[in-house]
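Student: What would the 3D arrangement of this be:
(one chain, ligands or ions: 3)
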Amino acid sequence: MYKSVPTLTDFILQEERKIKNATGSFTILLTQIENAAKIINSHIRASGLADILGKTGTTNVYQEEVQKLDKFCNDLLVNTLSTSGQVYAIISEELEKPHMVKEYKGEYIVALDPLDGSSGIDSNSVLGTIFSIYHKKGGVLQQGKNQVAAGYIVYGASTMFVYTFGRDVNGFTLDPAIGSFLLSHENIRMPEYAKTYATNEGNSLEFDEELNSYLSKIKKEGYKLRYSGCLVAETHRIVMQGGIFLYPATSKLPSGKLRLLLEVNPIAFLVEQAGGVSYAVDSSPLSIAPKSISDRSPFCFGGKKNMEELI
Ligand code: AHG
Ligand code: MN
Ligand code: MN
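Tutor: Ligands and ions are numbered 1, 2, ... in the order given. So this is what the prediction gives:
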């Protein structure tokens with residue numbers, strides 16, 4: 001017999017009903033992100049066909065001009081969110097300045113990494129999208145702890161939408177047959193300890209001594225290295241199976257590589273809601289006051305016990 005499973009839309013509606021005086025605008029906003037994620041998913045799944053099916057190499061299977069996938073994802077999300085009526089401003093990795101939506105009186109600011117892990121497109125690797133939502137009243141440069149919601153979509157063996165409203169983390173898996181995200185992982189809790197670490201150890205000559213001695217220590221303890229170069233893929237694995245992620249300051253990149261508003265804060269917010277711990281320089285990145293939309297920050301996160309050991 002068919003078992004009825006809540007869809008992402010059912011779930012968001014249910015959550016919004018719990019909030020007194022809710023207007024439904026948040027539901028519309030998240031539903032628009034969900035819709036864009038489905039379109040991005042279908043383009044990613046067909047990206048390898050672009051060369052063999054595109055007639056001239058300049059049009060893709062959808063008869064659209066071939067664009068870099070990063071730009072396609074950005075334009076789609078920015079257009080969808082700008083016309084949703086719910087958004088005041090959009091910050092994106094692909095935009096130099098915040099995109100202010102003047103046509104509507106939206107209440108929310110959305111920060112986006114439209115396509116994460118994009119260097120892996122040509123090798124058919126796991127990709128992601130990261131989003132983060134704030135109320136407009138604090139402006140575009142807010143501390144991560146003010147996030148109203150944050151999450152990611154991981155385009156892996158299956159496509160999953162994982163997000164938090166600031167309490168609990170829930171995961172939804174796309175059922176390609178019906179085109180809906182179905183609740184598959186309710187109230188995700190991160191394992192407190194696991195012996196895996198994720199870092200670009202090719203940079204270890206640029207790490208500080210303390211970090212290198214920590215890495216030597218955990219290797220002696222039998223930790224396994226898992227690193228794909230896609231923050232969303234790393235995050236999803238660690239949220240599900242535990243372990244630790246590090247993108248530290250290096251001698252070449254004194255602020256690390258990852259972008260505070262677009263990558264670090266949404267992941268830190270979600271990880272903390274799942275029971276994990278995140279760390280920038282000497283505390284959680286969520287209390288850093290950003291100075292610009294392109295700020296970067298060293299970042300590490302992991303299960304509670306792993307992080308206690310590291311810190
Ligand atoms: P993006 O594809 O959005 O530019 O992000 C890539 C990021 C992140 O996903 C990953 O954690 C990191 O870059 C990997 O960097 P290295 O190649 O330096 O390890
Ligand atoms: Mn990224
Ligand atoms: Mn990106």
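
Student: ok now the lengthiest helix in the chain, how far from the chain's centre?
Tutor: When secondary structure is assigned using DSSP state H, the longest helix within the chain turns out to be helix 25-46. A distance of 14 Å separates the centroid of the chain from that of helix 25-46, by CA atoms, centre = their mean, to the nearest Å.

Student: Next to ligand 2, which bits of the protein? Give me the list.
Tutor: Remark: the part of the chain in contact with ligand 2 comprises 113, 116, using CB under 5 Å from the ion. From N, CA and C alone the C-beta is placed, and that goes for glycine too.

Student: Tell me the residues of the stretch 1-150 of the chain that contact ligand 3?
Tutor: Of all the residues in the stretch 1-150 of the chain, those lying near ligand 3 are 93, 113, 115, 116, going by CB under 5 Å from the ion.

Student: give me the low-pLDDT residue ranges for the stretch 101-250 of the chain?
Tutor: Counting by pLDDT under 70, the stretch 101-250 of the chain contains no low-confidence range.

Student: Up against ligand 1, what does it have?
Tutor: Taking CB under 6 Å from any ligand atom as the measure of proximity, the stretch 101-250 of the chain contacts ligand 1 at 113, 116, 117, 118, 119, 200, 229, 230, 231, 247.

Student: how about CSV for these, with secondary structure added?
Tutor: Shown next, in CSV, are these (DSSP: H, G, I helix; E, B strand; the rest coil):
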residue, secondary structure
113, strand
116, strand
117, coil
118, helix
119, helix
200, coil
229, coil
230, coil
231, helix
247, strand
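
Student: Nearest to residue 47, out of those residues: which one, please.
Tutor: Relative to residue 47, the closest of these is residue 118; by CB to CB it sits at 10.9 Å.

Student: ok now do the nearest residue to that closest one once chain neighbours are set aside, which residues does it touch?
Tutor: Leaving aside its chain neighbours, residue 118 sits nearest to residue 70 (5.0 Å; criterion: CB to CB, 6 or more residues apart in numbering). When the contact criterion is CB atoms under 8 Å, 6 or more residues apart in numbering, the partners of residue 70 are 93, 94, 114, 115, 118.

Student: Pull out the buried positions in the helix or strand harbouring residue 70.
Tutor: Secondary structure assignment for residue 70, by DSSP states H and E: helix 69-82. Within helix 69-82, the residues that count as buried by 16 or more other CB atoms under 10 Å are 69, 70, 72, 73, 74, 76, 77, 78, 80, 81, 82.

Student: ditto for stretch 107-120
Tutor: Burial within stretch 107-120, assessed by neighbour count using 16+ other CB under 10 Å, is assigned to 107, 108, 109, 110, 111, 112, 113, 114, 115, 116, 117, 118.

Student: Which member of the buried residues of helix 69-82 is positioned nearest ligand 2?
Tutor: Ligand 2 has its nearest neighbour among those in residue 70, at 9.5 Å by CB to the ion.

Student: the helices in the stretch 101-250 of the chain, which residues?
Tutor: Assignment of helices within the stretch 101-250 of the chain using DSSP state H, counting those that start in this stretch yields the ranges 209-220, 231-241.

Student: can you pull the contacts of the closest residue to ligand 2 within the stretch 1-150 of the chain?
Tutor: Of all residues in the stretch 1-150 of the chain, the one sitting closest to ligand 2 is residue 116 (3.6 Å; CB to the ion). Under the criterion of CB under 8 Å, 6+ apart, the neighbours of residue 116 are 127, 128, 129, 130, 152, 230, 231, 232, 263.
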